[in-house]
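Peer 1: Fold the stuff below for me.
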Amino acid sequence: MTSPRPAVDLPSTERRRPATGHLDELSTLELLHVFNDADAEVTSAVRAALPSLSILVEQTVAALDAGGSVHYFGAGTSGRLAVLDAAELLPTFNLDPGVFVAHLAGGDEAMRRAIEGSEDSEAAGAAEAHQLDQGDVAIGIAASGTTPYVHGALEAARDRGARTALITSNPAVPAESADIIVVADTGAEVLTGSTRLKAGTATKLLLNSFSTAVMVQRGYVWSNLMVSVVATNHKLRERSVRILAEATEIPLETARERLMAADGDLKAALVSELGSVSLERARGALRSASGAVRRALASLPPSDTDSSHD
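Peer 2: Below you'll find the model as predicted:
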């Protein structure tokens, strides 16, 4: 019979944490303090990963500017966090479908019910990556760094000429696993092997920072305002009014009127107001600037400005 592998050979995310061997003896409050103390370790692990993440952000911006797309590949918690990140980009930044795509081992059903065996197939991951092309970015997400589904996808993506990256909590992953390795070394979990805890938190933080930084660098944000938001309900329509008022220092009711005149197009209303140009000229400047408000404003020469508003 084969002996079990010693703990030293296990990924750090699978090792036992000696300090929490008494977990089942703690009171509720003591238990929660243990989890919270462990969570405090996550931010420093994420900070150490930022230099690698910045490279991934910059390469992704270049790929998207050239017409490429971003594809996340993950299983279990990692895959679900990827689905969440990709889904939230569409309304937050008015992003077209297909720019950020999340591939979850086991498909949509795995979002609601764990299908653990789905992560074991390299072939399934490779099949999911068949749509990638040169100029795209494939990002594998695997806390342990060993998920076959993820590695199959990254290998297939690389074969198709895509740029590859791996977000993981295992510092021992081979360097050849991807072009860029982003490691948040969160160590052993409080509950042994439960990577939805510290490793999952680190993954969420990294994905939040990654995708938001990409959107900022591509001009989907003006100042620190969410000017690309899709106003699909009352709350978001009111937010758009507040954003326009804050950005231009005009009264709320005036901002509401400007936004109505622009048919709800916040960016056009913003460029029109800040640049003192008509909505038509504002929309033209935005088209030339690929939707980036700051670049659109910079493109308006003094001779093009006027005080008219459509």
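Peer 1: residues in contact with the lowest-mean-pLDDT helix or strand in the chain?
Peer 2: Least confident helix or strand of the chain, by mean pLDDT, DSSP states H and E, is helix 109-112 with a mean of 81. The contact list for helix 109-112 (Cβ atoms under 8 Å, 6 or more residues apart in numbering) reads Ala75, Gly76, Gly79, Arg80, Val83, Leu104, Ile115, Ser118. The C-beta positions use only the backbone N, C-alpha and C, and glycine is treated the same way.
Peer 1: do stretch 20-29 as well
Peer 2: Contacts to stretch 20-29, defined as Cβ under 8 Å, 6+ apart, come from residues Leu31, Val34, Ala38, Val190, Leu191.
Peer 1: Just the buried positions in that stretch, please.
Peer 2: Buried residues in stretch 20-29, counting neighbours by 16 or more other Cβ atoms under 10 Å, are found at Thr20.
Peer 1: secondary structure element for His103?
Peer 2: Using DSSP states H and E, His103 maps to strand 100-104.
Peer 1: mean confidence score for that strand?
Peer 2: On average, the pLDDT along strand 100-104 is 96.
Peer 1: from the middle of its chain, how far away would that strand be?
Peer 2: Computed by Cα atoms, centre = their mean, to the nearest Å, the chain-centroid distance of strand 100-104 equals 11 Å.
Peer 1: Also stretch 233-247?
Peer 2: Using Cα atoms, centre = their mean, the mean C-alpha position of stretch 233-247 is found 24 Å from that of the whole chain.
Peer 1: buried set for that stretch?
Peer 2: Arg239, Ser240, Val241, Ile243, Leu244, Ala245, Ala247.
Peer 1: residue boundaries of the helices in the stretch 101-250 of the chain?
Peer 2: For the stretch 101-250 of the chain, the helices defined by DSSP state H, counting those that start in this stretch cover 109-112, 122-128, 148-159, 198-217, 234-248.
Peer 1: For the ones you listed, give me CSV that also has distance to Leu64.
Peer 2: Output for the helices of the stretch 101-250 of the chain, formatted as CSV (distance: least, Cβ to Cβ, whole Å):
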stretch, distance to Leu64
helix 109-112, 25
helix 122-128, 20
helix 148-159, 16
helix 198-217, 7
helix 234-248, 24
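Peer 1: Go through these and pick out the most buried.
Peer 2: Mean neighbour count (mean count of other Cβ atoms under 10 Å) peaks for helix 148-159 among the helices of the stretch 101-250 of the chain, with a mean of 23.
Peer 1: thinking again about what came up before, closest one of the contacts of helix 109-112 to Asp65?
Peer 2: Asp65 lies nearest to Val83 out of the contacts of helix 109-112, by Cβ to Cβ, at 24.7 Å.
Peer 1: For that closest one, give its distance to Glu109.
Peer 2: Distance from Val83 to Glu109, counting by Cβ to Cβ, to the nearest Å: 12 Å.
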